[in-house]
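Enquirer: Predicted model and sequence follow; I will ask about them next.
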Amino acid sequence: MLTPRIRTLGTALREARIDARFGLRELARRVGTNPALVSNWELGQRIPALEDVAGILGALGVVGAEKQRILQLARGTAEPGWVARGKQSAPDHLGGLLACERAATSVVEWQPLLVPGLLQIPDYARALFLADGLSLENAERQAELRMMRRPLVVGPGAIPCEVLLGEAALRNPVGGPATMARQLRFLADLMATSAKLSVRVVPAGNGGHPGLAGRFCVYHVEVGDPIVYFEHQHSGAFLLDEGNDTYCEVADRIREVSLDSRASAAFVQRTAQEFREIAQRKKAGGA
């Protein structure tokens, strides 16, 4: 199976070649192989040996931290799982996510505290990145990148996507009440118009359920076991093994305590209106 790590390695090799202004044929000649094989490595369709990666980096003049980063990707291609170090905006971490999204045939995501990235508006995403310590310029850039991933869930190329959303994700005023009102209005509109998107709200006060252990995302792929993704503050983990079916069972348990689609839509609309009224009162100086 072509894992997120293998696809991320291929992307890193391609970007290094482009930065060095090498064509496929020239690079293949330099390392003594054929252009089709180099292309397959870059697309993540074949797995290069560590010595092949080292040869490519040498031919391209890649040195220092970037060389070590790419070699580290190449050393672990046989491992069934992968911990991507750094925040979600880091190249390897983001590359792994993009690889999962491109390979997925459907997605199930549990988010107890935040609106999922693919459903965020720019102001909401920017507020999260700023709160994480990014500069305004970097926050703007990361918010734009996040918006570019949205076709996974909306538009002609969308795939079936189910989001299980904790009530706290709808109540926490990220960016302030006005931003939150716009975010929830946007979410409500997506729920009403996106045929392949399903959002189910899990109300607070349901007692214990397995989703309280933390957020996760399950990417179902055409061949092989599902890929499970977890995100923490400074790393993300991609799991690929037979035990990942357990997370499908956890999603079933969460679904059992969630509202149905119609009640969830009404909940989101009602909460959006509450934030809108709070924002209006604040603007008028009444709060």
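Expert: Sure thing, it's come through. Numbers count the residues shown, from 1 in each chain.

Enquirer: Residue 229 is in contact with residue 97, correct?
Expert: Yes. The pair residue 97 / residue 229 is scored as a contact, 7.1 Å apart, by Cβ atoms under 8 Å. To be clear about C-beta, it is placed using only N, CA and C from the backbone, and glycine gets the same treatment.

Enquirer: joint contacts of these two?
Expert: By Cβ atoms under 8 Å, 6 or more residues apart in numbering, residue 97 and residue 229 have these common neighbours: residue 236.

Enquirer: what about residue 241, how many neighbours?
Expert: Residue 241 has 13 neighbours, counted by other Cβ atoms under 10 Å.

Enquirer: Sorry, wrong one. I was asking about residue 258.
Expert: For residue 258, the neighbour count with other Cβ under 10 Å is 21.

Enquirer: Residue 217 now?
Expert: Residues near residue 217, counting by other Cβ under 10 Å, number 28.

Enquirer: any idea how far the helix or strand hosting it is from the chain center?
Expert: Assigning secondary structure by DSSP states H and E places residue 217 in strand 216-221. A distance of 10 Å separates the centroid of the chain from that of strand 216-221, by Cα atoms, centre = their mean, to the nearest Å.

Enquirer: Following it in sequence, what is the next regular element?
Expert: Next along from strand 216-221, by DSSP H and E: strand 227-232.

Enquirer: so what does that next one touch, helix or strand wise?
Expert: helix 91-103, strand 216-221, strand 235-239 (3 or more Cβ pairs under 8 Å, 6 or more residues apart in numbering; DSSP states H and E).

Enquirer: For burial, what's the neighbour tally of residue 141?
Expert: Using other Cβ under 10 Å: residue 141 sits among 15 other residues.

Enquirer: in this protein, which segments are predicted with low confidence?
Expert: Scanning the chain for pLDDT under 70 picks out the ranges 1-2, 86-91, 242-243, 286-287.

Enquirer: Pretty sure residue 116 sits against residue 109.
Expert: Yes. At 5.4 Å, residue 116 counts as touching residue 109 under the criterion of Cβ under 8 Å.

Enquirer: any common contacting residues for these two?
Expert: Residues touching both residue 116 and residue 109 (Cβ under 8 Å, 6+ apart): residue 163.

Enquirer: Next, residue 246: secondary structure please.
Expert: helix (DSSP: H, G, I helix; E, B strand; the rest coil).

Enquirer: ok, now residue 163?
Expert: Three-state assignment for residue 163 (three-state DSSP): strand.

Enquirer: returning to what we had before: distance to residue 163 added to the helices and strands packed on strand 227-232, as TSV?
Expert: Formatted as TSV, the helices and strands packed on strand 227-232 follow (distance: least, Cβ to Cβ, whole Å):
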stretch	distance to residue 163
helix 91-103	14
strand 216-221	10
strand 235-239	18
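
Enquirer: of all the ones you listed, which lies closest to residue 205?
Expert: strand 216-221 (22.1 Å; Cβ to Cβ).

Enquirer: Please name the strands paired to that closest one in the sheet, noting orientation.
Expert: Strand pairing for strand 216-221, determined by DSSP bridges: strand 104-111 (antiparallel), strand 227-232 (antiparallel).

Enquirer: From the rest of the structure, what touches that strand?
Expert: With contact meaning Cβ under 8 Å, 6+ apart, strand 216-221 is reached by 1, 100-101, 103-110, 226-230, 244, 247-248, 250-251.

Enquirer: Can you tell me which of the residues you listed are buried?
Expert: 100-101, 103-104, 107-110, 226-229, 244, 247, 250-251 (16 or more other Cβ atoms under 10 Å).

Enquirer: any idea which of those is the one closest to residue 182?
Expert: Distance to residue 182, by Cβ to Cβ, is smallest for residue 109 among these, at 21.4 Å.

Enquirer: Can you name the residues that contact the closest one?
Expert: Residues near residue 109 by Cβ under 8 Å, 6+ apart: 116, 161-164, 215-218.

Enquirer: Recalculate using a threshold of 10 Å.
Expert: Contact partners of residue 109, counting by Cβ atoms under 10 Å, 6 or more residues apart in numbering, are 116-119, 153, 161-165, 199, 215-219, 229, 251.

Enquirer: Likewise for residue 193?
Expert: Counting by Cβ under 10 Å, 6+ apart, residue 193 touches residue 154.

Enquirer: how close does it sit to residue 231?
Expert: From residue 193 across to residue 231, the span is 28 Å (Cβ to Cβ, to the nearest Å).
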